[in-house]
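[1] 3D model of this:
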Amino acid sequence: MKKRSKKYLEALTKVDQSKSYPIKDAINLAKETGFAKFDETVDLAFRLGVDPRHADQMIRGAIVMPGGTGKSVRVLVITSGEKIKDAENAGADFVGGDDMITKIQGGWLDFDRVIASPDMMGKIGKVARILGPRGLMPNPKLGTVATDISKAVSEQKSGKVEYRTDKTGIIHVPIGKKSFDAEKLFENFKAITQAIVKAKPASAKGVYLKSLTISTAMGPGVKVDTFEALNV
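    Numbers count the residues shown, from 1 in each chain. Predicted coordinates for the structure are as follows:
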């Protein structure tokens, strides 16, 4: 069993483990019980009534958080021709074509997102074994394979987050920082929750949203009222 710090145990005394809190109360309590000296990320954990072993029940997507994420994202764009200039003008951190693929083959991974134009996807296949396991492989469903490179870069820079069910049917997703005001966190909470509720697979039976917990990176989990979350 994981040993908890004194500060964690003190924070835990403020949370009623038997209670599911209204959304805004849960957000405020998560902020209050975050005790680290750094600006902690605020996370949601959705436990869903799906079986990710079935492809039609694997939930995956991406959404631009209306309040941003508070995180600086290093964006690599792999493209060609005039789109190189588009990427640079949009604020991409690294831009190139074959040269970037060669750098990745050499072990370079100093970036958080990879955006590619469709014409480069065949060549990116050379580094799929490197990017794939790290969740960095460009994907049309996530908006990281795009013809409008400027828009794709802007979305990533302004707070686009990806989400997917893990093998236990849980989705972990960040909605901002502890320093965010509660209303901004609520707007992000609302956006991601609506997206996940909307993504309910037709083949999923029984209770869909089994539980929802909010916490800071270091703080204790606070249960959220699932009925309110389903109707937010």
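[2] now for the longest helix belonging to the chain, which elements pack on it?
    Determined from DSSP state H, the single longest helix within the chain is helix 182-198. Contact partners of helix 182-198 among helices and strands, from 3 or more Cβ pairs under 8 Å, 6 or more residues apart in numbering; DSSP states H and E: helix 23-33, strand 41-48, strand 60-64, strand 160-164, strand 170-177, strand 209-216, helix 226-230. Bear in mind the C-beta positions are built from the backbone N, C-alpha and C, glycine included.
[3] give me the below-cutoff pLDDT ranges for this structure.
    Applying pLDDT under 70 to the chain flags the ranges 1-2.
[4] can you name the farthest residue from the center of it?
    residue 81 (30.7 Å; Cα atoms, centre = their mean).
[5] what kind of secondary structure is that residue in?
    Judged by DSSP: H, G, I helix; E, B strand; the rest coil, the three-state class of residue 81 is coil.
[6] report the contact partners of it.
    The contact partners of residue 81, by Cβ atoms under 8 Å, 6 or more residues apart in numbering, come to none.
[7] separation between it and residue 185?
    Going from residue 81 to residue 185 by Cβ to Cβ, to the nearest Å gives 41 Å.
[8] cool, residue 126 as well?
    Separation of residue 126 from residue 185 (Cβ to Cβ): 41 Å.
[9] the two: who's more crowded?
    Neighbour tally, residue 126 and residue 185, criterion other Cβ atoms under 10 Å: the higher count belongs to residue 185, 26 against 13.
[10] so that one makes contact with residue 67?
    Yes. With contact defined as Cβ atoms under 8 Å, residue 185 reaches residue 67; the gap is 7.1 Å.
[11] give me the common contacts of these two.
    Common neighbours of residue 185 and residue 67 (Cβ under 8 Å, 6+ apart) are residue 176.
[12] and the closest residue to residue 139 other than its chain neighbours, what does it touch?
    Leaving aside its chain neighbours, residue 139 sits nearest to residue 145 (6.2 Å; criterion: Cβ to Cβ, 6 or more residues apart in numbering). Contacts for residue 145 (Cβ under 8 Å, 6+ apart) come out as 115, 116, 117, 118, 121, 138, 139.
[13] wait, the fourth one touches residue 144, no?
    No. Taking contact to mean Cβ under 8 Å, the distance of 11.3 Å between residue 118 and residue 144 leaves them out of contact.
[14] and those two? Which one has more around it.
    For residue 118 versus residue 144, neighbours defined as other Cβ under 10 Å are more numerous around residue 144 (22 against 12).
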